[in-house]
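> 3D, please:
(2 chains)
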There are 2 protein chains.
Amino acid sequence: MFIERLWRAIDAKGTPAMVGLDPRPDHFPEEFLVKGDAEACAKAAIAFHRELLELIAPKVAVVKPQAAFFEQWGPAGTKALADCCAVARELGLLVVMDAKRGDIGSTSEAYAEAFFSGNGFPPADALTINPYLGEDACRPFLDAAKKHDAGLFVLVKTSNPGAGFFQDHGSPPLAERVAEMVASWAEDWHGESGWSSVGAVVGATRPEELARFRELMPRSPILLPGFGFQGGTADGLQAAFDSNGHGAVVNSSRGILWAHERKDLAHLSGWKDRTQAAVNEMVKQLSALVPSPGFTRNS
Amino acid sequence: MFIERLWRAIDAKGTPAMVGLDPRPDHFPEEFLVKGDAEACAKAAIAFHRELLELIAPKVAVVKPQAAFFEQWGPAGTKALADCCAVARELGLLVVMDAKRGDIGSTSEAYAEAFFSGNGFPPADALTINPYLGEDACRPFLDAAKKHDAGLFVLVKTSNPGAGFFQDHGSPPLAERVAEMVASWAEDWHGESGWSSVGAVVGATRPEELARFRELMPRSPILLPGFGFQGGTADGLQAAFDSNGHGAVVNSSRGILWAHERKDLAHLSGWKDRTQAAVNEMVKQLSALVPSPGFTRNS
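Got it, this is the predicted structure:
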């Protein structure tokens, strides 16, 4: 199951850190900087991401390509997305495709096939999906995840300042209704460890909020966005984790991708040293969430 | 403005009919049928859609490519999507990209640029978006629509059986809260006719429900999905239209795309004759919604 692959990969690297791949050519390291058309940008993105992935693969277990930043270059960009996923897979990284797709019936099925089947893009290990269209509309994603042994991260609560605008609507708040759907799916489909491959995106801004969603979705891995640049820290994330260090992946995109621009890392020469340092720093900050070396896990 | 282009195009063709492009190779007319890899399917999709678009362009004003069905073939599919959009534009058809995208901040901006800027895909006239992430997360789509003179159709109420699962949550129902956001945007950004380029997808199942959404969003064009195969008819759609025949576009996908499979059209030889007949039938069924020839519009 995806969830077992996920925890195994996280155990092997000793960190729940996840790196988001959001290619923005104006923030590439100098040697990849490009001004030009979509084709040129897409090529630069592949070149940069190939080296970046090689650099981070020994340290982290999971990457999260953001489909939008590739899609902005049209077909050339989706080719670059496919290439980046292929490189990540070759390096043994798990790929969580952050596409936030959502539609109805056979259309949801087509999106799921696009990312899970390997006929469209190299098969992703998991996909983010948007629940607005309802349980029946999301179900083809669940069926496809089962069929292709993949995972889902359903948007429950997002990390933007206005996340509550619709997600807090009603009583209980909408996000909790979505969490109930996730929990129900996870209850019906989980491994021997008790964990399910049906996860959730939870951009909780307060530890109590995260604890509440953990309580509502006891079997689901949580994708925690916004570490670093979006303002999160390891403090307050504990509620998502069990004593084995399982329970969540913690994403940083710009904190790693833009490491070469960080003033606090300016004493290091070259983007590679700065990126390494940024990854090491993130792993260190998250170390309180995972067991110390020598700890024996319950499985 | 998009909305003026839309009504002008609809007036010229005399019908609010919209044809959805959902390429499914197992339902292509015989001469395009294909078994093979993604590349082969994508090529067949372009070949079929080129002829289909030429066939329908004299009759209808708008097409709605469904991104998922192209994306299922990965990069080859997105190339086919771009090619189909280019053909539609050459034929003078308006393109509403049905991608149901939604994300936060700069990521929403990247999706909007992908479909509006012309750097990624040929510029779409409008895009469908998913509101779950909140008003602030949707706003980059609004800003991009203004910048590129495009339109939006925000998912308010979808046409699947379980649409209400989340969309009816709370009091007022969530979908009405989304409609309020749409109305507020439309109030701030509309043309001299009073109509706005900020529209909504409303898969209403009852005439009263459609009337309610029309009341909540008086300035917004409504995308009515599910005509034909998904069970809708022209009856009950009147509430979305004003006396000028403006107010909505009515989509049919499979009813047109799979016309060659329709038993009721089997007396006609060849997929082109059947497709023509299906389009003519749809236009006729919708004729009650638009003024008769000779009618003088108020603008």
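
> pLDDT weak spots in chain A?
A:228-233, A:298-299 (pLDDT under 70).

> name the element A:Ala114 belongs to?
A:Ala114 belongs to helix A:105-116 when assigned by DSSP states H and E.

> does chain B sit close to the helix or strand immediately after that helix in the chain?
Tracing the chain C-terminally past helix A:105-116 and defining elements by DSSP H and E, one meets strand A:126-129 next. No: looking at strand A:126-129 against chain B by Cβ under 8 Å from any Cβ of the partner chain, there are no contacts, and the closest approach is 9.4 Å. Backbone N, C-alpha and C define where each C-beta goes, glycine included.

> for strand A:126-129, packing partners?
Applying 3 or more Cβ pairs under 8 Å, 6 or more residues apart in numbering or on different chains; DSSP states H and E, we find strand A:126-129 packed against strand A:94-101, helix A:105-116, helix A:135-148, strand A:151-157.

> pull out the buried positions in the longest one.
I take that to be helix A:135-148. Neighbour counts using 16 or more other Cβ atoms under 10 Å in any protein chain shown place A:135, A:137-142, A:144-145, A:148 of helix A:135-148 among the buried residues.

> would you list those residues in TSV and tack on distance to chain B?
Below are the buried residues of helix A:135-148 laid out as TSV (distance: Cβ to the nearest Cβ, whole Å):
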residue	distance to chain B
A:Glu135	5
A:Ala137	5
A:Cys138	9
A:Arg139	9
A:Pro140	10
A:Phe141	11
A:Leu142	13
A:Ala144	11
A:Ala145	16
A:His148	13
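
> rewinding a little: and the helices and strands packed on strand A:126-129: which comes nearest A:Phe165?
Set against A:Phe165 and scored by Cβ to Cβ, these come closest in strand A:151-157, at 11.6 Å.

> quickly run through the sheet partners of the closest one, with directions.
Using DSSP bridges, strand A:151-157 pairs in its sheet with strand A:126-129 (parallel), strand A:198-202 (parallel).

> just put these in TSV and tack on mean neighbour count.
Listed next are these as TSV, based on neighbours: other Cβ atoms under 10 Å in any protein chain shown:
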stretch	mean neighbour count
strand A:126-129	27
strand A:198-202	28
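
> figure out which of the ones you listed is closest to B:Leu224.
Among the strands paired with strand A:151-157, strand A:126-129 sits nearest to B:Leu224 (Cβ to Cβ), with 24.9 Å.

> so which residue of chain A comes closest to chain B?
A:Gly170 (2.7 Å; Cβ to the nearest Cβ).

> the helix holding A:Ala114 to strand A:94-101, inter-axis angle?
150 degrees (axes from the mean of the first three to the mean of the last three Cα atoms, to 10 degrees).

> other SSEs contacting helix A:105-116?
Contacts defined by 3+ Cβ pairs under 8 Å, 6+ apart place helix A:105-116 against strand A:94-101, strand A:126-129, helix A:135-148, helix B:67-71.

> so for B:Asp103, which of these sits nearest?
strand A:94-101 (5.6 Å).

> contacts for stretch A:281-294 next, please.
Where contact means Cβ atoms under 8 Å, 6 or more residues apart in numbering or on different chains, the residues beyond stretch A:281-294 that reach it are A:10, A:14-17, A:59-60, A:227-228, A:233-234, A:237-238, A:241, A:243-245, A:248, A:250, A:252, A:255-256, A:297.

> quick one: secondary structure of A:Leu52?
helix (DSSP: H, G, I helix; E, B strand; the rest coil).

> which residue ranges form the helices in chain A?
Ranges of helices within chain A are A:2-13, A:38-56, A:67-71, A:74-90, A:105-116, A:135-148, A:164-167, A:174-188, A:207-216, A:254-257, A:271-285, based on DSSP state H.

> as CSV, those with distance to B:Gly164 would be great.
Supplementary listing: the helices of chain A in CSV, determined by distance: least, Cβ to Cβ, whole Å:
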stretch, distance to B:Gly164
helix A:2-13, 30
helix A:38-56, 40
helix A:67-71, 28
helix A:74-90, 34
helix A:105-116, 16
helix A:135-148, 10
helix A:164-167, 15
helix A:174-188, 12
helix A:207-216, 21
helix A:254-257, 38
helix A:271-285, 42
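
> just name the most buried of the ones you listed.
Ranked by mean neighbour count, these are led by helix A:67-71 with a mean of 28 (mean count of other Cβ atoms under 10 Å in any protein chain shown).

> can you tell me which of the buried residues of helix A:135-148 lies closest to A:Leu91?
For these, the minimum distance to A:Leu91 (Cβ to Cβ) is 20.7 Å, reached by A:His148.

> excluding its backbone neighbours, what's nearest that closest one?
Beyond its immediate neighbours in the sequence, the residue positioned closest to A:His148 (Cβ to Cβ, 6 or more residues apart in numbering or on different chains) is A:Phe116, lying 3.9 Å away.

> ok, A:Ala183 next?
Spatially, and ignoring its direct neighbours in sequence, A:Ala183 is nearest to A:Met217 (4.7 Å; Cβ to Cβ, 6+ apart).

> wouldn't the one you found be in contact with A:Ser184 here?
No: under the criterion of Cβ atoms under 8 Å, A:Met217 makes no contact with A:Ser184, lying 9.7 Å away.

> just to revisit the earlier point, residues contacting the residue nearest to A:His148?
A:123-124, A:127, A:144-145, A:147-148, A:150.

> with A:Phe166 instead?
A:174, B:131-134, B:174, B:177-178.

> picking up where we left off before, next, the residue of chain A closest to chain B: phi, psi?
When quoted as degrees, to the nearest 10, the phi and psi of A:Gly170 stand at phi 90, psi 180.

> could you check how far it is from B:Asp143?
28 Å (Cβ to Cβ, to the nearest Å).

> kindly report the same for A:Gly102.
Separation of A:Gly102 from B:Asp143 (Cβ to Cβ) stands at 22 Å.

> and what of A:Thr107?
Distance of A:Thr107 to B:Asp143, computed by Cβ to Cβ: 27 Å.

> so how far is B:Thr296 from A:Leu286?
Taking Cβ to Cβ as the criterion, A:Leu286 is separated from B:Thr296 by 69 Å.

> these two - which one has more neighbours?
Between A:Leu286 and B:Thr296, counting by other Cβ atoms under 10 Å in any protein chain shown, A:Leu286 is the more crowded of the two (23 against 7).

> which of the contacts of stretch A:281-294 are buried?
With neighbours counted using 16+ other Cβ under 10 Å, those contain these buried positions: A:10, A:14-17, A:59-60, A:227-228, A:234, A:237, A:241, A:244-245, A:248, A:250, A:252, A:255-256.

> pull the CA atoms of stretch A:281-294 into CSV?
What follows is the C-alpha trace of stretch A:281-294 in CSV, where atoms were taken according to Å, rounded to 0.1, in the frame of the first residue of the first chain:
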residue,chain,number,x,y,z
GLU,A,281,18.1,22.8,8.6
MET,A,282,14.5,21.6,7.8
VAL,A,283,15.4,18.0,8.7
LYS,A,284,16.9,19.3,12.0
GLN,A,285,13.8,21.4,12.8
LEU,A,286,11.6,18.4,12.2
SER,A,287,13.7,16.0,14.2
ALA,A,288,11.6,16.5,17.3
LEU,A,289,8.7,14.9,15.5
VAL,A,290,10.5,11.6,14.7
PRO,A,291,12.0,9.0,17.1
SER,A,292,15.8,9.2,17.8
PRO,A,293,18.1,6.7,16.1
GLY,A,294,18.0,3.5,17.9
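
> so how far is that stretch from its chain's centroid?
18 Å (Cα atoms, centre = their mean, to the nearest Å).

> neighbours around A:Glu30, how many?
Neighbouring residues of A:Glu30 were enumerated by other Cβ under 10 Å; the total is 8.
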